[in-house]
Structure formats: structure tokens, C-alpha cells
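Enquirer: Give me a model of this one.
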Amino acid sequence: MTLDARIAKIEAMSARERKAEWQRCTGTGAPPAFGSGLLARAIAHMLQEAALGRMSKADLKRVLSAGGSGRIEAASGAVKPGTWLSRTWHGEVHQVIVLESGFEYRGERYSSLSEIAKRITGSHWSGPRFFGLSSPRLGKLGVTTHGN
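Expert: Presented below is the predicted three-dimensional model:
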């Protein structure tokens, strides 16, 4: 089964099935603080790391430093072109593709993730924060990137 198919299978699981999958993958119970959506992203992240390897410390540092600007330029090397970002908002999955110059969301091109986050939510958000690339609370990369 391809990585994309495995992730799609996780997205289709019930909360109970996701907890069982977490138990199967980690050998421990799911963290109580993880809601069903976060649990799905965490499991997908584990699958991605197993299939594609971890992000290098240098790449992670570039992503984190770009996240503070409120805008990530694909050309900066912070997020590689071809990377898929996803976010579930009010039960709907929103996927963005990082391009050489900008981002694609639902067939349209945007110059920043913040523009896309505003389109999805109707209010101003930091795009990198909305898509889990930066978190002031955690200070590390989120789990929502999908590498090609």
C-alpha cells in the first residue's frame, strides 16, 4: 500500500480506530491530550518518517526561522517545492502544494500561506502556524507536512 493510501486510510478511521492504530504503532496508549484529528496527523507523521526519513536539523531550523515571519517562501528552501501541507478545519481537509514560487490551493495560486488560511477561516491567521509549520507554544515543527 502506498504512503498516500495509508494516510487516506488513517483519515477515514474513527477516533477509536485511530487510538488502536496508535497503540499498534507505538506500543503505548494514545496521549489523552490528543484529539482524533491530532492523533491522525501524528500517526501520519510517523508513517512519513518511516517511509521518507526525518527532516534534517538544518532544514528544520530553516522552517522554524521562516515561520516567525508570517510567510514562507518556497524559494527560500524552508519548505521544498512539491511538499503537501494539510489541515483539517471544521471537519474538512484542506491541502496545499508548495510550488517553486508560492502555493497552490484548490487549483488557485497564492503567494503566501496566510492568504490561504484567511480564505479557509475567514479571518487573519499566520499561515505557517495554521498549517502547523510553527508553534510558539511548542517551538518545533508540526506534524502536517506531506513530502512527495
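Enquirer: Report the buried residues of the longest strand along the chain.
Expert: For the chain, the longest strand by residue count, based on DSSP state E, is strand 92-99. Neighbour counts over strand 92-99 (16 or more other CB atoms under 10 Å) mark 94, 96-98 as buried. To be clear about C-beta, it is placed using only N, CA and C from the backbone, and glycine gets the same treatment.
Enquirer: hmm, who's touching it?
Expert: 11, 74, 79-88, 103-105, 109, 113, 116, 120, 131, 146 (CB atoms under 8 Å, 6 or more residues apart in numbering).
Enquirer: For the helix or strand following it, name the packing helices and strands.
Expert: Sequence-wise, the next helix or strand downstream of strand 92-99 (DSSP states H and E) is strand 102-105. Strand 102-105 sits against strand 92-99, strand 108-110, helix 113-121, with contacts defined as 3 or more CB pairs under 8 Å, 6 or more residues apart in numbering; DSSP states H and E.
Enquirer: Each with direction, which strands does the first one pair with?
Expert: This points to strand 92-99. Note on strand 92-99: by DSSP bridges, its sheet partners are strand 84-89 (antiparallel), strand 102-105 (antiparallel).
Enquirer: Export those strands to a markdown table and append columns for distance to residue 29, mean neighbour count and mean pLDDT.
Expert: Output for those, formatted as a markdown table (distance: least, CB to CB, whole Å; neighbours: other CB atoms under 10 Å; pLDDT from 0 to 100):
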| stretch | distance to residue 29 | mean neighbour count | mean pLDDT |
| --- | --- | --- | --- |
| strand 84-89 | 23 | 18 | 88 |
| strand 102-105 | 36 | 19 | 90 |
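Enquirer: Now tabulate the ones you listed in TSV and tack on distance to residue 4.
Expert: Below are the strands paired with strand 92-99 laid out as TSV (distance: least, CB to CB, whole Å):
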stretch	distance to residue 4
strand 84-89	9
strand 102-105	17
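Enquirer: Lowest mean pLDDT across the helices and strands packed on strand 102-105, which one is that?
Expert: In terms of average pLDDT, strand 92-99 trails the rest of those, at a mean of 89.
Enquirer: relative to helix 113-121, how tilted is it?
Expert: Relative orientation of strand 92-99 versus helix 113-121 (axes from the mean of the first three to the mean of the last three CA atoms, to 10 degrees): 160 degrees.
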